[in-house]
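> Give me coordinates for this.
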Amino acid sequence: MQSPTFYRRGMFCILPPHILHEIAKRGTQAQRDLALDTLASDHPIRFGRATYQLMATGAHKLVAPAPATVEAHITIYDAHHRTRLPGSVVSNPTISNDPEVKEAFAGLLATFNLYWEVFKRNSIDDHGMPLIGSVHYSRHYDNAFFNGQQMVFGDGDGQIFQRFTIAIDIMGHELTHGVTGDTANLTYQGQSGALNESISDVFGAMVKQYSASNSRPWSYCPIRRWRRGNRLADLTLIWL
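Numbers count the residues shown, from 1 in each chain. Modelled structure (predicted):
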């Protein structure tokens, strides 16, 4: 009897479940509890994104010439350690005293700039889709994700993971899942799933490099720069 085929069509998280499972198996009691809490929070959100993706897949889009100029529409919210999204809007995020607010805004803007200035793509959907980010999601939440409508960032547990806004390539990676879903809409399984992840890895690295150089993102690419989110965590526990 042939095994059934399952397709992952949930939200895209920067941390896949197997890493959190390893922490739950090998970490301290406190680390296990936090990993299990994150896994429990992730589960219902995956179904929400699956519904959004199915609706978007059937939508018909107008093909229009690229505008001469565009403007990024970015809004940052504070979830205040709750799970109800998006939270309360943050005024003037670029001058906020909260590093997570400033980093989230900078990462979303950097991703928008790469897609427009290099590829002439106007946001995720090429029609100027507003970019939304919510920081301080839940308590000690060990993940960041794009749910099909916005970016969401946890604060991390402060032991293994730092705040999830600290790595700009994470935002480039996650938002690129939105671009892939809007274009090829690759099934997240097998080779197409691997290609989906690889595309996000490449564009996440390009967002980081383009933001740093503000010029050709492919012009300088030593191997160490392709370590996505390498400021985010001490992964010693996970890989032992």
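
> remind me which residues of this structure are low pLDDT?
Residues of the chain that meet the criterion pLDDT under 70 lie in 1-18, 34, 36-37, 39-65, 214-240.

> Now do the buried residues in stretch 182-193.
For stretch 182-193, the neighbour count (16 or more other CB atoms under 10 Å) marks 182, 186, 188 as buried. C-beta here means a position set from N, CA and C on the backbone, and glycine is covered the same way.

> now the second one: how far from L131?
Translated: L186. Distance, L186 to L131, using CB to CB, to the nearest Å: 22 Å.

> before we move on, back to that, which single one of the buried residues of stretch 182-193 is nearest to Y210?
Taking CB to CB as the measure, Y210 lies nearest D182 of those, at 20.4 Å.

> So the closest residue to the closest one other than its chain neighbours: helix, strand or coil?
Closest residue to D182 apart from its sequence neighbours, by CB to CB, 6 or more residues apart in numbering: D125 at 5.1 Å. Under DSSP: H, G, I helix; E, B strand; the rest coil, D125 falls in the coil class.

> Run a quick neighbour tally on D125.
Counted with other CB atoms under 10 Å, the neighbours of D125 add up to 16.

> Show me where the chain has its helices.
Under the criterion DSSP state H, the chain contains helices at 17-26, 29-57, 99-119, 168-182, 190-213, 236-239.

> elements contacting the third one?
What it means is helix 99-119. Secondary-structure packing of helix 99-119 (3 or more CB pairs under 8 Å, 6 or more residues apart in numbering; DSSP states H and E): strand 74-78, strand 131-135, strand 151-153, helix 168-182, helix 190-213.

> do the same with the first one
In this structure, helix 17-26 makes packing contacts with helix 29-57, helix 236-239, judged by 3+ CB pairs under 8 Å, 6+ apart.

> gap between A35 and Y115?
Counting by CB to CB, the separation of A35 from Y115 is 33 Å.

> next one: N147
Distance of N147 to Y115, given as CB to CB: 19 Å.

> neighbour count winner among the two?
Shown here are N147 and Y115; by other CB under 10 Å, Y115 has more neighbours (25 against 22).

> wait, isn't that one in contact with V179?
Yes. The criterion here is CB atoms under 8 Å, and Y115 meets it with V179 at 7.3 Å.

> between those two, what contacts are shared?
Shared contacts of Y115 and V179 (CB atoms under 8 Å, 6 or more residues apart in numbering): 121, 124.

> for H80, what are its contacts?
If a contact means CB under 8 Å, 6+ apart, then H80 has 87-88, 136 as its contacts.

> for stretch 152-161, how far is the first residue from the last?
End-to-end distance for stretch 152-161, by CA to CA, to the nearest Å: 15 Å.

> If you could redo that for stretch 137-144, that was the one I meant.
9 Å.

> In it, which residues are buried?
Neighbour-count burial for stretch 137-144, counted by 16+ other CB under 10 Å, picks out 137-138, 140-144.

> for stretch 194-209, same thing?
The neighbour-count check on stretch 194-209 (16+ other CB under 10 Å) flags 196-197, 199-209 as buried.

> and it, C-alpha only, in PDB?
Provided in PDB are the C-alpha atoms of stretch 194-209 (Å, rounded to 0.1, in the frame of the first residue of the first chain):
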ATOM      1  CA  ALA A 194      13.700  22.600  -1.500                       C
ATOM      2  CA  LEU A 195      13.800  25.000  -4.400                       C
ATOM      3  CA  ASN A 196      11.400  27.300  -2.500                       C
ATOM      4  CA  GLU A 197      13.800  27.400   0.500                       C
ATOM      5  CA  SER A 198      16.900  27.800  -1.700                       C
ATOM      6  CA  ILE A 199      15.300  30.800  -3.500                       C
ATOM      7  CA  SER A 200      14.600  32.400  -0.100                       C
ATOM      8  CA  ASP A 201      18.100  31.700   1.100                       C
ATOM      9  CA  VAL A 202      19.600  33.400  -2.000                       C
ATOM     10  CA  PHE A 203      17.400  36.500  -1.800                       C
ATOM     11  CA  GLY A 204      17.900  36.700   2.000                       C
ATOM     12  CA  ALA A 205      21.600  36.900   1.400                       C
ATOM     13  CA  MET A 206      21.200  39.400  -1.400                       C
ATOM     14  CA  VAL A 207      19.000  41.700   0.800                       C
ATOM     15  CA  LYS A 208      21.800  41.600   3.500                       C
ATOM     16  CA  GLN A 209      24.600  42.400   1.000                       C
END
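
> Thanks again, I'm all set now.
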